[in-house]
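Peer 1: heads up, no residue letters with this:
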């Protein structure tokens, strides 16, 4: 049950992350910056997947599955915090509006 609860919490955090990524990406006017923003998130998703999958399959039992769910939640919360920081303090290179 705890693993299912952790996964549900993680899914809620993932929805917040998706919204933060969409908001952050809109802030960047230069195509290269948007591409870097998207790529950094894709890299993070791959990192989380690999790391938490490693926790899950070693030793591949119920406690390791629960730990992998906790891994996804904790890393998701960290990512959300870093996205909020980047979205608030990042300075996109955009032409001044007249």
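Peer 2: Received it, and whenever you're ready, just let me know what you need. Keep in mind that this is a model prediction, so the values were computed, not measured.

Peer 1: skipping adjacent residues, who's closest to residue 14 in space?
Peer 2: Sequence neighbours aside, residue 76 is the residue nearest to residue 14 in space, at 6.0 Å (criterion: CB to CB, 6 or more residues apart in numbering). In this view, the C-beta of every residue, glycine as well, is placed from N, C-alpha and C.

Peer 1: remind me which helix or strand the one you found belongs to.
Peer 2: Residue 76 is part of helix 62-89 when elements are defined by DSSP states H and E.

Peer 1: check contacts around the residue nearest the centre of the chain.
Peer 2: The centroid of the chain falls nearest to residue 79 when counting by CA atoms, centre = their mean (4.5 Å). Residues near residue 79 by CB atoms under 8 Å, 6 or more residues apart in numbering: 17, 44, 48.

Peer 1: ranking these by neighbours, who comes first?
Peer 2: The residue in these with the most neighbours, by other CB atoms under 10 Å, is residue 17 (21 neighbours).

Peer 1: helices or strands up against the strand or helix carrying that residue?
Peer 2: Counting by DSSP H and E, the element that carries residue 17 is helix 2-27. Contact here means 3 or more CB pairs under 8 Å, 6 or more residues apart in numbering; DSSP states H and E; on that basis helix 2-27 packs against helix 31-57, helix 62-89.

Peer 1: most tightly packed of those helices?
Peer 2: Sort these by mean neighbour count, taking mean count of other CB atoms under 10 Å, and helix 62-89 sits at the top with a mean of 16.
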